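Asks: Provided below for reference: sequence and predicted model.
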Amino acid sequence: SVDVSYMLSEDIGYIKLSRFSKNSHKEFLEAGEKLKALGLKKLVLDLRQNGGGFLDAAIKLGDEFLSKGTLIVFTEGRKRPKESYYAEKKGEFENSELVILIDEGSASASEIVAGAIQDNDRGFVIGRRTFGKGLVQEQTPPWPDGSAIRLTVARYYTPTGRCIQKSY
């Protein structure tokens, strides 16, 4: 998930995250610890062209930047009650200055993290308008032929209530 990480200057680190997979949080922390050992005080997190991935990975990453109890994202659907996700612990990068880079290829989990940082005034989000992929889908149990259906049941919202899904 972490394509590259290095120091841009004496105190500014850079991490490029290409997707949100099962191991993304662990890989991010490993890269971050190496940069901290080199003097990291400020971080540039590059989420450009990151099409997203697992919600759990996005929540864990957001938790690293936000204080305990801070809202990261919530979901709500026509037949689904509101479900909120909060930061659960003191994050490793809670006190580091933060800039997130985004573009039109940043979608889903990338938009969740960027929205949480922006809405909680935790850092700066720089770039272009993101893709706008904010639908919550559930998969049916596999059918006898191995196929399945993914049904959209809710939408993702940033902490201030902005819907991540673009309107068509």
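Replies: Ah, there it is.

Asks: Helix, strand, or coil at the residue nearest the centre of the chain?
Replies: With distances taken as CA atoms, centre = their mean, the chain has Val113 as the residue nearest its mean C-alpha position (2.9 Å). What DSSP: H, G, I helix; E, B strand; the rest coil gives for Val113 is helix.

Asks: which residues touch it?
Replies: Leu45, Leu47, Ala58, Leu61, Gly62, Ile100 (CB atoms under 8 Å, 6 or more residues apart in numbering). Backbone N, C-alpha and C define where each C-beta goes, glycine included.

Asks: same thing but at 10 Å, please
Replies: 17, 20, 45, 47, 50, 52, 57-62, 64-65, 72-73, 100, 102, 106, 125 (CB atoms under 10 Å, 6 or more residues apart in numbering).

Asks: Could you do Asn120 as well?
Replies: Gly62, Phe65, Leu66, Ser67, Thr70, Leu71, Ile72, Ala87, Thr158, Pro159, Thr160.

Asks: redo that, cut-off 7 Å
Replies: Shown in contact with Asn120 (CB atoms under 7 Å, 6 or more residues apart in numbering): Leu66, Thr70, Pro159.

Asks: Run through the residues that contact the second one.
Replies: Put plainly, it is Thr70. Contacts of Thr70 (CB under 7 Å, 6+ apart): Tyr86, Ala87, Asn120.

Asks: Please tell me I have it right and the first one contacts Gly69.
Replies: Which is Tyr86. Yes - at 5.8 Å, Tyr86 and Gly69 qualify as touching, with contact defined as CB atoms under 7 Å.

Asks: Looking at the two, which is more packed in?
Replies: Using other CB atoms under 10 Å as the criterion, Tyr86 and Gly69 rank with Tyr86 on top: 16 against 8.

Asks: what bridges to the more buried one?
Replies: Leu71 (DSSP bridges).

Asks: Need the pLDDT of it.
Replies: Looking at Tyr86, its pLDDT stands at 98.
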